[in-house]
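Engineer: have a look at this fold, sequence not included:
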């Protein structure tokens, strides 16, 4: 291709002197107008503000209401010894081996150890403002084992107790193999009975049921294990009575 046929590159045009003068004059005009406005406002007297209007509030008369008694104030009970809110061991039942020597308290590290991935669980519990946990359990003569935990959160940033219970419920619903029912007197608490036992060579089939609910800043979780199918009435009775104590 000859030089005459090659496309010529276009250079950007410089701003002309006329355009620069116009732009400068516009800026000076804005500045001058602003200064003139300030001078005019400085010579004027300030405009008075309209008066504030507010309805007169009537002051209550008579003595202040009495504080709730401890029996009705849930916060008084849940801030006390959490272990006293756990269900009592039935007459004739014995403490299981895993609970022997325990004082009923579970710290965050020990509780995280219950999960499949303890390190991840520990971080999640710390973020959820884990406060403390109390545990109890028993074994009966018919080889039925019960375990109940109360997990309390500080709940300064989020309602972790509700999230705790709902997380367990979602896991069970996704896993399948269960039948579930709402626990009366709770806010979305549910009880579950597994339809099939857990089997392992050399051991009897293990049937189970569990319940997950919450009240205020406390999440409740419980399990029932037996060598025979766990009736719905068993887990429902335990769940209802435990929630009543909260």
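Structural biologist: Structure received. All figures in this text were calculated on a predicted structure; none of them were measured in a lab.
Engineer: what residue is smack in the middle of this protein?
Structural biologist: residue 160 (2.4 Å; CA atoms, centre = their mean).
Engineer: so for that one, what's the pLDDT?
Structural biologist: Turning to residue 160, the model gives it a pLDDT of 95.
Engineer: so who does it touch?
Structural biologist: Residue 160 makes contact with 128-130, 153, 217, 219, according to CB atoms under 8 Å, 6 or more residues apart in numbering. Where you see a C-beta, it was placed from the backbone N, CA and C, and this is true even at glycine.
Engineer: of these, buried ones?
Structural biologist: Among these, those classed as buried by 16 or more other CB atoms under 10 Å are 128, 130, 153, 217, 219.
Engineer: for those residues, which one is nearest residue 113?
Structural biologist: Distance to residue 113 across these (CB to CB) is lowest for residue 130, with 13.2 Å.
Engineer: number of residues surrounding residue 230?
Structural biologist: Residue crowding around residue 230 was assessed by other CB atoms under 10 Å; the count is 20.
Engineer: roughly how far apart are it and residue 204?
Structural biologist: From residue 230 across to residue 204, the span is 14 Å (CB to CB, to the nearest Å).
Engineer: all helices for this protein, in order.
Structural biologist: In the chain, the helices defined using DSSP state H lie at 17-43, 74-78, 108-112, 118-127, 160-175, 232-245.
Engineer: give me the beta-bridge partners of residue 180?
Structural biologist: As for beta bridges, residue 180 partners with residue 192 under DSSP bridges.
Engineer: nope, residue 135 is what I was after
Structural biologist: Beta bridges link residue 135 to residue 149, judged by DSSP bridges.
Engineer: quick one: contacts for it?
Structural biologist: Applying CB under 8 Å, 6+ apart to residue 135 gives the contacts 86, 99, 102, 104-106, 147-150.
Engineer: which one of those has the most neighbours?
Structural biologist: residue 150 (27 neighbours).
Engineer: show me the shaky parts of the protein.
Structural biologist: 1-44, 52-57, 64-78, 101 (pLDDT under 70).
Engineer: recalculate using a threshold of 90.
Structural biologist: Residue ranges of the chain with pLDDT under 90: 1-80, 95-103, 141-143, 157-158, 187, 201-204.
Engineer: follow-up on the earlier one: out of the contacts of residue 160, which is nearest to residue 91?
Structural biologist: Residue 91 has its nearest neighbour among the contacts of residue 160 in residue 219, at 28.0 Å by CB to CB.
Engineer: what about that closest one, distance to residue 167?
Structural biologist: Distance, residue 219 to residue 167, using CB to CB: 9 Å.
Engineer: now, the buried ones among the contacts of residue 160 that are in strands?
Structural biologist: Judged by DSSP state E, the subset of those located in strands is 130, 153, 219.
Engineer: write down the beta-bridge partners of the second one, one by one.
Structural biologist: In this structure, residue 153 has beta-bridge partners residue 130, where bridges are defined by DSSP bridges.
Engineer: surely it touches residue 219?
Structural biologist: Yes - using CB atoms under 8 Å, residue 153 is in contact with residue 219, at 7.5 Å.
Engineer: shared neighbours of those two, which are they?
Structural biologist: Jointly contacting residue 153 and residue 219 under the rule CB under 8 Å, 6+ apart are 160-161, 164.
Engineer: just put those in a markdown table and tack on distance to residue 237.
Structural biologist: Output for the shared contacts of residue 153 and residue 219, formatted as a markdown table (distance: CB to CB, whole Å):
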| residue | distance to residue 237 |
| --- | --- |
| 160 | 27 |
| 161 | 22 |
| 164 | 23 |
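Engineer: start to end distance for stretch 134-153?
Structural biologist: One end of stretch 134-153 sits 12 Å from the other (CA to CA, to the nearest Å).
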